[in-house]
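**Q** Turn this into a structure:
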Amino acid sequence: MRLILASASPSRLRLLQAAGIDPEVVVSNVDEDALQAQMPDATPEQVALALAQAKARDVAQHRRGEVVLGADSVLDVDGRSLGKPLTPEIAVARWHEIAGRSAVLITGHCLIHPGGEELAAASTTVHFAEPNDEEIAAYVATGEPLHVAGGFTLDGYGSAFVRGIEGDAANVIGLGIPLLRELIRAAGMRWTDFWGDFGV
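**A** Got it, this is the predicted structure:
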């Protein structure tokens, strides 16, 4: 069986490939900012789930009968949903806010399959280091934090500025792989059916 990944995230693609799954990537046309603007009172988990669901449904409407995975992450800081900074100014301000603190990275997962839809979120607590102004400026200048939830990565330059985590590391990178396996089982399918040629 082939999984369709409704995400442009190279990190999510790498996670799936490392777990033995080589998905077909079909990027959704969902306007994340517009959707989030329609949910001013939503919790970070509700935002992550809504974005994941919207992405999966957008792709699934053109690929009926197939298995589509949508995912999206937000950083929960004091109950606020922080997505992609997009600009250097916002990325710098965000790092000044989270440095030396802890926050929760939430990834929403939506799996659409022939039998219906599975929806769940995974949460991982992230403990941030305290980079100085020079380090923050240099990190933002790499461009890496601009297009990732919360403005940091665990699998790139940003790893040096994370003191530790509590929970699933893959979830911080972009997908809760153990959770995805559970969703596939809940859908009545076998995780191993999605493996490549070396699968069973």
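**Q** pLDDT weak spots in this protein?
**A** 197-200 (pLDDT under 70).
**Q** what ranges do the helices span in it?
**A** 10-18, 32-37, 44-60, 88-98, 133-141, 169-173, 177-186 (DSSP state H).
**Q** Of all those, which one is nearest Leu111?
**A** With CB to CB, the closest approach to Leu111 among the helices of the chain belongs to helix 177-186: 4.6 Å. Placement of C-beta: from N, CA and C, glycine included.
**Q** by how many degrees do that closest one and helix 10-18 diverge?
**A** 70 degrees (axes from the mean of the first three to the mean of the last three CA atoms, to 10 degrees).
**Q** So which bits of helix 177-186 are buried?
**A** Within helix 177-186, the residues scored as buried using 16 or more other CB atoms under 10 Å are Ile177, Leu179, Leu180, Glu182, Leu183, Ile184.
**Q** now stretch 147-164
**A** So stretch 147-164, judged by 16+ other CB under 10 Å, has buried residues Val148, Ala149, Gly150, Gly151, Phe152, Thr153, Leu154, Asp155, Gly158, Phe161, Val162.
**Q** and Leu5, how many residues sit next to it?
**A** 25 (other CB atoms under 10 Å).
**Q** ok, now how distant is it from Leu180?
**A** 11 Å (CB to CB, to the nearest Å).
**Q** who touches both of the two?
**A** Counting by CB atoms under 8 Å, 6 or more residues apart in numbering, the common neighbours of Leu5 and Leu180 are Leu69.
**Q** give me every residue that touches Arg80.
**A** Per CB under 8 Å, 6+ apart, neighbours of Arg80: Pro44.
**Q** can you pull up the bridge partners for it?
**A** Val77 (DSSP bridges).
**Q** And it, how far from Ala42?
**A** Counting by CB to CB, the gap from Arg80 to Ala42 is 11 Å.
**Q** didn't Leu111 look like it was pressed against Gly188?
**A** No. Counting by CB atoms under 8 Å, Leu111 does not reach Gly188; the two are 11.3 Å apart.
**Q** Could you measure from Thr192 over to Val25?
**A** Distance from Thr192 to Val25, by CB to CB: 21 Å.
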